[in-house]
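Engineer: After the sequence you'll find the predicted model.
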Amino acid sequence: MSLQETLLTQFQENPLNWFLSGFLIYVIYSYLSPVPYNLPVARHAETTVFREYIPKQLREYDGRTPQTKIYIGICGNVFDVTKGRNFYGPDGPYGNFAGRDASRGLAKNSFDMDVLTPIDQPLDTLEDLTRDEIESLNDWHAHFAGKYQLVGKLVNDSDVL
């Protein structure tokens, strides 16, 4: 019996062979044919270099435009909170902390601008905080450390080499 006769007999005796043959032809065709659509080009995620920021430099990251990143300083650390733009952006409830050292405001649970240290003055030492305020600040710091990327350290102008 020839190969052609054997295949014909197999197709007649078992209709599942028709399905399997069709599937095999489809797989071979799909593998050998060019892709009819354009795949998106893979892009490397944007990287951020850890660095030191003085208050005036941090002010640049206040989210005033949709393209501007939002950084917040807490306890000497700088966090990228851009993914929380709804909270920390210009129209968000914590918008006054964007691009600033928010330590005192978070410790006191106050959104008033007069609680924040002006950017042209040395960093707040937070020495006069109560035990409850320090605990609140530590809770906020833990929240930011667990949720947002640490991108730098907040330092005084005099500490920069």
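Structural biologist: Received, thanks. Residues are numbered from 1 along each chain as shown.
Engineer: for the top strand by length along the chain, the distance to its chain's centre please.
Structural biologist: Criterion DSSP state E: the longest strand present in the chain is strand 149-154. Relative to its parent chain, strand 149-154 has a centroid offset of 14 Å by Cα atoms, centre = their mean, to the nearest Å.
Engineer: Name the residues of it that come out as buried.
Structural biologist: Within strand 149-154, the residues scored as buried using 16 or more other Cβ atoms under 10 Å are 151-152, 154. To be clear about C-beta, it is placed using only N, CA and C from the backbone, and glycine gets the same treatment.
Engineer: Dump these into JSON lines; add distance to Tyr88 and pLDDT as well.
Structural biologist: Below are the buried residues of strand 149-154 laid out as JSON lines (distance: Cβ to Cβ, whole Å; pLDDT from 0 to 100):
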{"residue": "Val151", "distance to Tyr88": "14", "pLDDT": "97"}
{"residue": "Gly152", "distance to Tyr88": "16", "pLDDT": "97"}
{"residue": "Leu154", "distance to Tyr88": "16", "pLDDT": "96"}
